[in-house]
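Build the 3D model from these lines:
(one chain, ligands or ions: 1)
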Amino acid sequence: MLQDLAVGRLENEFRNIAAESEDLILCFHQGQVLLRREADGTLTLPTLSQMAAGEKPAAPRYVFRMQDRNFFLWTDAAPAVPDGGFDYEAVRPLRQLKSKEVCYAIMTGWHLYNWYRTNRLCGCCGTPTEHDSKERMLRCPSCGNMIFPRISPAVIVAVTDGDRILLSKYAGRAYTHYALLAGYAEIGETIEQTVHREVMEEVGLRVKNLRYYKSQPWGVDGNVLMGFFCDVDGSDAIHIDENELSMAAWYSRDALPAHDDGISLTREMIRVFEEGKEPKSSGDCSF
Ligand SMILES: [Zn+2]
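Just a heads-up that it's a prediction; the model follows:
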């Protein structure tokens, strides 16, 4: 999956440090990110020295460290495209397997960028917020309101019925591939209740025997996704919510129309089912 790095891990501990010339810069502008597409199609982010050539250097904000490189967020207004073959590309479609680490950095940086961008003013009193020097937090100097990064929990659900799995397609979205059922947790419910509610809302099925599989940070939407397998309980007749889905149907384990893309939790779960390796029981879980 996107977050499974070849070397090391994302080091997301807060640090209050200044950018140096060879540190990497995440520069976003109107849903796009500044990068260079190499001859072999791989993606490269600019360094501070490449960004600052011919421009007055800004004060980029440290966001995280990955594979022995520090990443900073460009906080000034987006600059003109620097020399060196760089250009702006849309963030949302960037899911390239051979530049997986760069895509993961962009998606995670995008999550933080949006959090900073939408919390410049205190939501309680409207005063401009200030950056805390010791942790990743914005603080209101007037009323003391403390604002931490917001992460929205959501579920990915593979409904199975023996050797069949329910696949669907979203309605009205740019993503047109097969998907599993998905939805956000709502206030006051447990994640297990989210699974039951989303499946009932989207395809009209009751489910049982929920088995947690894995989670995935999905910064492009500010989410952490939690993947579950579960069994249909009773009738297998599908009644789709046409506002959410364009189709949903049962597919046999040996004739699946979608395969692992090495990026998403959804596609890994489909592959795990195809291989017959999905968790079969909830073990010690009591839901
Ligand atoms: Zn305030």
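
Strands of the stretch 51-200 of the chain, residue ranges please.
Assignment of strands within the stretch 51-200 of the chain using DSSP state E, counting those that start in this stretch yields the ranges 61-66, 69-73, 86-90, 130-131, 138-139, 146-147, 152-161, 164-170, 181-184.

hmm, who's touching the helix-or-strand element of the chain with minimal mean pLDDT?
The element with the least model confidence among the helices and strands of the chain, by mean pLDDT, DSSP states H and E, is helix 48-52, at a mean of 85. If you take Cβ atoms under 8 Å, 6 or more residues apart in numbering as the criterion, helix 48-52 is touched by 19-23, 25, 27, 34, 57-58, 60, 72, 74, 79, 82-84, 86. Just so you know, the C-beta spots here come from the backbone N, C-alpha and C atoms, and that holds for glycine as well.

hmm, back to that, would you tell me which of the strands of the stretch 51-200 of the chain gets closest to residue 190?
Of all the strands of the stretch 51-200 of the chain, the one in closest proximity to residue 190, counting by Cβ to Cβ, is strand 152-161 (10.4 Å).

now the contacts of helix 48-52: which count as buried?
The neighbour count (16 or more other Cβ atoms under 10 Å) marks 19, 23, 25, 27, 34, 58, 60, 72, 74, 79, 82, 86 as buried among the contacts of helix 48-52.

Quick check: longest helix in the chain by residues?
helix 100-117 (DSSP state H).

helices or strands next to that helix in the packing?
Contacts of helix 100-117 with other secondary structure elements, assessed using 3 or more Cβ pairs under 8 Å, 6 or more residues apart in numbering; DSSP states H and E, are made with strand 24-26, strand 28-29, strand 32-37, strand 43-44, strand 61-66, strand 69-73, strand 207-218.

What are the contacting residues of the second one?
I take that to be strand 28-29. Taking contacts as Cβ under 8 Å, 6+ apart, the residues outside strand 28-29 that touch it are 34, 73-74, 78, 88, 91, 109-110, 113.

Sort those by pLDDT and name the bottom one.
The member of the contacts of strand 28-29 with the lowest pLDDT is residue 78, at 80.

which non-adjacent residue is nearest that residue?
Distances taken as Cβ to Cβ, 6 or more residues apart in numbering put residue 29 closest to residue 78, at 3.5 Å, once the chain neighbours are dropped.

Around the ion, which positions in this structure sit nearby?
122, 124-125, 127, 140, 142-143, 145 (Cβ under 5 Å from the ion).
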